[in-house]
Structure formats: C-alpha cells, structure tokens
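Undergrad: After the sequence you'll find the predicted model.
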Amino acid sequence: MQDFLQFTLTGITIGSIYAIVALGFVTIYSVTKVINLAQGEFVMLGGLTMFSLVSVGVPYWLSFIATILFVTLIGWLMEFLLIRRAKGADAISLIILTIGTSIFIRGISSMVWGKDQHTVAPFTENTPVTIGGASITPQSIWVVLIMLLVVGLMYMFIDKTMLGKAFQASSVNPMAARLMGISPKRMSSFSFVLSAALGAIAGLAIAPIIFPAYDMGAMLGIKGFSAAILGGLGSAPGAVIGGLLIGLFESMGAGYVSSGMKEVITFSVFLLILIIRPNGILGEKTIGKGGL
Amino acid sequence: MKLQGVQQTKWWGVVVFIAAILIFPLVVTQSFFITQATFAGIYAIIAIGLGLLMGYAGQISLGQAAFYGVGAYTTSILTATWGWSPWVSLPIALFVPALLAFFMGYTMSRLSGYYLAMATLALGIIVHGLLVEGKGITMGASGFYGIPQLSLFGMTINQGVPYYFLVWFFVLLVLILSLNIVHSRVGRALRSIHDSEIASSSMGVNTGRYKMQVFILSAAFAGLAGWLFAHMSYSISPSAFTFDASILFLAMVVLGGSGSVWGALIGALLIRMIGITVHTLGERFTFITSDSEHVIYGLILILVVIFMPKGLFPTVVDLLKSAAIKRGEKKSSVSVAPIKPSVSE
C-alpha cells in the first residue's frame, strides 16, 4: 500500500509534465492541424535556459520570465520561418518538418550546453514531506501546483477572453473565423507562441528534478504526443488525463516490474488502449479517419 | 503511349544501375569506401520499403528500425545461439518482421493518420526496450557476438568487395520487385489510395488490404536489411535500432522523394554520403563534431519539405520533363498538352 501510494505520487508528478507537453500539442493541433514533434525541445530549452540563467546568478523569478520569453521567441520563429512556408504541404511532410526542426534544435543545443546533464537547485528548501508513509519532495509539489495553475489559466484564457474566443473559433471553423475578421495567420503564430510558453514552463519546473540535458526533448515529446493521442487529439481535458495516465503507467511499471521495462510497459498499455478506443479516451469521432 | 515511356525509362535505369554497381569497386578501391557503400546498400533496402509505404500507401512509419532490428536479432539468435545456417535463417528473418507488421496492422487496422504514426513509434520503443531488457535471449545492451559469416559454395563471403556485391545484389532484387509492384495493378490502386482514400474505396479498391500488404512488405525489406547487417558485422547491439535510426530512414525517403522507388534509393545514398563527408571533415576540423551531423540532417529535412516537397528525384525528373516539353514546343508548332506526372516512378 505504501509502495502504491509512493508510485502514484511519482506518477502524478511526472504525469503533470506530460500533461503540459500534451496541452502544447493540442494547442497547435487544434488551430493548425500540425503535429509539432519539436514540442519536447521547447521543454528541453526551458530546462537548459533556466540552468544557464540560475548558474550566472540571476534570481529565480527573473529567470522564470526570461526563460519563458526566450523559448516563446523560438516558438514564434519556428512558426514564422518554417511552418508558414510549408503551408499546403501534406500531413506527412509537416510531421517531417517538425522532426527536422527538433533534430536541428537538439544539435545546436548540444553545441551550446554540451552533452552533460546539468543541475538546477530546487525552488525552495527540498526536505521531503511524508504523506501516509510515502515521501514527496517540495519540488514535486511545485510541479503539480504549476500544472494545475497552467491548466486553470489556459481554461480562463480560452473561455473568458476575447483572444481566447477568437482562438477557439479558428480551431472549430477556420473559414467562419476568417469571415468574422480573425486572422488565421496570427492565430497560427499565436498557437506556436502559446505552446512554446507551455513547454518552457514545463521545462523550468522539472529542471531541479530531472537534470536537464540536450537530449531529453525527444522522449518528452514522444510521451507528450502519446498523452495527447491517448486523451484524444484535439481535446484539452483529454491531454491532461492522457498525461497523468502515461505518468502513472510509467511509475507503476518502473516500481512493480523494473525501471528498464517502464517504457515497454507504458507503450504496450498505450497500444492496448488505442486498440480498444481508436480515437483516444475523449477523442472526436471524425479524427483518425481518412488517413494522412 | 505514356505507359510505354515509363517502361522504357524503367529498364534503362536498371541497366545504368547494374553498371554503376559493377564499376564502383573498380574505381574506388579503399576498403573504407567499399564498407560505406555496403552500408548504403543495406539502408537503401529499408528506404525503398519505407518509400513504398509513405509514397504509395500514404502511411508514415516512425518505427521502421524495429523491423530492421527484429530481422537482425532473429538471424543472430538462430545462427549464433542455435547454430542454424544463415541461409536457412534468411526466410525467417524476413518472415518474423512481416508477421509483426501483420499483427500490428491487423490490430491497428482501425487506426490511421497520426494515430498510426504514433502506434509505429510506440512499437519502435517497445522493441528497443525488449532488446535491451531481454538479456537471456538478446544479451542485453552489450549486444550479440559471434554471429557466423556467410558462405556460398564453400567460400566465405568476407567483408569488403564480396559482401558489397552480395548486398547490392539484394538491393537490385528489391528494386526490381518494387518497380514491378509500382507499375502493376497494385501500384495503381495504391496511388489512387494516396490521392484519395475515400474515392478509391468507393471505386471498389480494398484500401485497408493494400495498405496492410505494403506495410508487411516494407517490414520484410527491413528484415532483409537486418539479416545482411547482422552477418556483415558479426556483432550487433540495440543501439543500432533506436528511434534515431527510424528518423534517419525517414530522412532518406524524404530527401530522395517518397512516391519514387529510385528516389528512396538515391536518398539513402545521399544521406550516407553526407554522413561520411561530415565524419571526414570532423577528423580535420575540430569544430565539426557528430552534433554537426545532426544539425545537417535536421536542416536537410527542413529545406527539402519547404523547397522540394516531392523530394529530390521527382523534382529533378519533373524539371527535365517540362524542359523536354518546352523544347518539343519550339521544334514543332503543334501544341503538346503538358503531361503532369502525378507520381513519377
């Protein structure tokens, strides 16, 4: 029981990160129909930028803001320089374009930050707290709180602001949105900016837990993509559920079987769920039909 | 008339290709380049299969390295652990990945698009994880040693020129088989699926079955490449069959041109050549590292998608064709309706 509680807490912590990454996928997909496999690189850039700023002595709050701004700029550049120019390309080409971008960003990052793992000090003092025999570090609590905050802010933004409504409109019906004076180009840019910001937040939040390195983006991107697919591509609540589930599978797999088998277990369960529910847990009925 | 033209270019291309295979080891004698050319041939086999899947069946596989790895490990276990002859294990090294693809395609038949892409990605990660963790059978992360060499008529096929010819003989077989598929009824059906799945299924094309067949064939090709790789290297480890390898195969197809058998072959050669060039430059200039290689692969993918969405080979063919049509128009005043090649060979 104590083990189970411990694995659940670990699963929720890491699952929160996957949930934020998955939200990034959904944000871009719902507006542009692009699957951005470079999403994990935004997280990596967030973690490593945070490391660089903190290690030269920039205060934490300033590092947060600077990191988010920097990664957001990268996201904007990616949309402006690459995605916009490949408009009209088919879905396979667009996936490949984002894979190319992610390899490119990873290569540059390994030149800038080297191949070592880096350490970032936790946000607050990090003595583990014990809950019912399972221990959790304050940094893990930070991660979960940040996830909840991000999800809450996203909801407020999408549902309560004018810009959010325009964003929603262009994801539901781009043509009608355009007729109402919403610029699809601006919304496309905006979706990349927003999801880069989400990635940066995820990256800086886990930096103290997972020792950021240049090559962490690929796996995070893949897990985030799985979470988005599992939840049902295009569904924001689905992304959160998918992220938490992937985190839990992974933590249970590592705990009860072996840490080497955790990926095998996670993706096997993932495939099983897809066989049962081909459109994901909260997926739309139409998605996934007709092929790429 | 158009069909005739296609047939002519096809066989003309094959003849040039055979000549190039035969001449290469006469011109280039350094063993380093022979080995690289042998590797390029192994990759070309995978790329041709993946090209059929992407260009003709319109499906993306992000886990092709899994089939490559399964082929390599199947033959390694059968020959090194159980003592079978490599030639007897050959059909099994093709069959096991094909069976895996069948199982995958069967259970995933309700999936397509991004969902199928993700499922193949998941398969790749699962297979890699099992290769590392199945220590009792696969020897784990350190890999398999002592895979027997191939021999034919009592003679060992050594690394170097003999193995080069063996690999490229198989490339030739795969190439001819693929060209025939592309020009057959199946190929036409696949092209119609690629253009519009709904339209072709309403015309009575069993879209699911054709897509599945191509998926299985591409897995068998990858298995063949794995068999060749295992018996060439004598030792294999899971590190050769990662997600990165799958992406590299994808890059070959995209660069050369999906929807083109020749394109996939050329893409494989070019990616290999870029790898060698970066590696050679890296020995001379310290600022060029293995990271630069990745930056370059990334840039290639980006630039090709933006500027040559069809890939190198079809783009060049289109340019040549439109130039030929223009010349024809100048010579005779008879207007020739420009043929828009939807998918070149």
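TA: Done, it's in. Numbers count the residues shown, from 1 in each chain, chains lettered A, B, ... in the order given.
Undergrad: Please enumerate the helices of the stretch 151-300 of chain B.
TA: B:161-183, B:185-195, B:197-202, B:207-233, B:243-256, B:261-284, B:290-307 (DSSP state H, counting those that start in this stretch).
Undergrad: Next one: the residue of chain A most remote from its centre, what pLDDT does it get?
TA: Computed with CA atoms, centre = their mean, the residue of chain A farthest from its C-alpha average is residue A:179, at 31.7 Å. We have a pLDDT of 84 for residue A:179.
Undergrad: how near is it to chain B?
TA: Distance, residue A:179 to chain B, using CB to the nearest CB, to the nearest Å: 27 Å. Where C-beta positions appear, they are placed from N, C-alpha and C, glycine not excepted.
Undergrad: Write out the residues of the stretch 201-345 of chain B neighbouring chain A.
TA: For the stretch 201-345 of chain B, the residues found near chain A under the criterion CB under 8 Å from any CB of the partner chain are B:243, B:247, B:250-251, B:254, B:258, B:289, B:291-295, B:297-302, B:305-306, B:309.
Undergrad: Pull out the buried residues from the residues you listed.
TA: With burial judged by 16 or more other CB atoms under 10 Å in any protein chain shown, the buried subset of these is B:243, B:247, B:250-251, B:254, B:258, B:289, B:291-295, B:297-298, B:300-302, B:305-306, B:309.
Undergrad: Tell me the residues of the stretch 51-200 of chain A that contact chain B?
TA: Within the stretch 51-200 of chain A, the positions near chain B by CB under 8 Å from any CB are A:82, A:85-86, A:89, A:91-97, A:99-108, A:110-111.
Undergrad: Just the buried ones from those?
TA: Among these, those buried by neighbour count (16+ other CB under 10 Å) are A:82, A:86, A:89, A:91-97, A:99-108, A:110.
Undergrad: Now, those that are in strands?
TA: Among those, no residue falls in strands (DSSP state E).
Undergrad: In helices, which of those appear?
TA: Using DSSP state H, the members of these that fall in helices are A:91-97, A:99-108, A:110.
Undergrad: need the contact list for residue A:225.
TA: If you count contacts by CB atoms under 8 Å, 6 or more residues apart in numbering or on different chains, residue A:225 has them with A:22, A:25, A:35, A:37, A:39, B:118, B:121.
Undergrad: ok, now with 7 Å
TA: Residue A:225 is in contact with A:25, A:37, B:118, counting by CB atoms under 7 Å, 6 or more residues apart in numbering or on different chains.
Undergrad: Can you name the helix or strand that the residue positioned nearest the centre of chain B falls in?
TA: Geometric centre of chain B, nearest residue: residue B:47, 1.4 Å, by CA atoms, centre = their mean. Using DSSP states H and E, the element containing residue B:47 is helix B:31-51.
Undergrad: Average pLDDT for whichever helix or strand comes after that helix, rounded please.
TA: Next along the chain after helix B:31-51, taking DSSP H and E as the criterion, comes helix B:64-76. Per-residue pLDDT values over helix B:64-76 give a mean of 92.
Undergrad: Let me see the residues that make contact with helix B:64-76.
TA: With contact meaning CB under 7 Å, 6+ apart, helix B:64-76 is reached by B:46, B:50, B:86, B:89, B:92-94, B:96-97, B:100-101, B:123-124, B:127, B:131, B:138, B:144, B:147, B:219, B:222-227, B:229-231, B:236, B:241-242, B:245-246, B:249.
Undergrad: List the contacts of the nearest residue to residue B:158 once chain neighbours are set aside.
TA: Spatial nearest neighbour of residue B:158, excluding adjacent residues (CB to CB, 6 or more residues apart in numbering or on different chains): residue B:149 at 7.3 Å. The contact partners of residue B:149, taken as CB under 7 Å, 6+ apart, are B:156-157, B:231.
Undergrad: How about residue B:299?
TA: Contacts of residue B:299 by CB under 7 Å, 6+ apart are residue A:104.
Undergrad: Model confidence score at it, please.
TA: What the model reports as pLDDT for residue B:299 is 88.
Undergrad: And residue A:171, by the same measure?
TA: 77.
Undergrad: quick one, strands of chain A?
TA: Counting by DSSP E, chain A has strands at residues A:129-131, A:134-136.
Undergrad: Make JSON lines out of the ones you listed and add distance to residue A:59 and mean pLDDT.
TA: As requested, the strands of chain A are exported to JSON lines (distance: least, CB to CB, whole Å; pLDDT from 0 to 100):
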{"stretch": "strand A:129-131", "distance to residue A:59": "25", "mean pLDDT": "81"}
{"stretch": "strand A:134-136", "distance to residue A:59": "26", "mean pLDDT": "82"}
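Undergrad: Tell me which of these is the most buried.
TA: Per residue and on average, the most neighbours among these fall to strand A:134-136, with a mean of 17 (mean count of other CB atoms under 10 Å in any protein chain shown).
Undergrad: How about the closest residue to chain A within the stretch 151-300 of chain B, nearest residue that isn't a chain neighbour?
TA: Closest approach between the stretch 151-300 of chain B and chain A, counting by CB to the nearest CB: residue B:298, at 3.1 Å. Distance criterion CB to CB, 6+ apart; nearest residue to residue B:298, sequence neighbours excluded, is residue A:104 at 3.1 Å.
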